[in-house]
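Trainee: model the structure of this input:
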Amino acid sequence: MACIDRDGTLLPSGVVLLKGLVEQPMPPEDIAKHVGEPIFKVRGSLRELAAEGLVEEDGGLYKITELGRGMI
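Mentor: Below you'll find the model as predicted:
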């Protein structure tokens, strides 16, 4: 589940993940349930978003960063 295009554009799947984290931080398992995707795809997407600084992990919970908020 790619979240960012080669040119750095946030793809619709990335927007869905980021919007899911606007209200509160969540563990990957809850995010997967929220977006209806398998956990392995969500984990890969979270790694991709984290590498770009759009989300960050803290104690097993992922939260959207200010940079991420600016992308949605």
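
Trainee: all helices for the protein, in order.
Mentor: Per DSSP state H, the chain carries helices over the ranges 12-20, 28-35, 39-51, 66-71.

Trainee: can I get those helices in CSV with mean pLDDT?
Mentor: Putting the helices of the chain into CSV (pLDDT from 0 to 100) gives the following:
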stretch, mean pLDDT
helix 12-20, 90
helix 28-35, 93
helix 39-51, 94
helix 66-71, 93
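
Trainee: so which of those helices comes closest to residue 58?
Mentor: Minimum separation from residue 58 across the helices of the chain (CB to CB) falls at helix 39-51, 11.0 Å. For the C-beta atoms, the positions are set from N, CA and C on the backbone; glycine is no exception.

Trainee: residues near residue 11, how many?
Mentor: 15 (other CB atoms under 10 Å).

Trainee: quick one: residue 18 and residue 56, what's the gap?
Mentor: 12 Å (CB to CB, to the nearest Å).

Trainee: quick revisit: save the helices of the chain as TSV, and put in distance to residue 60 too.
Mentor: Listed next are the helices of the chain as TSV, based on distance: least, CB to CB, whole Å:
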stretch	distance to residue 60
helix 12-20	16
helix 28-35	8
helix 39-51	11
helix 66-71	18
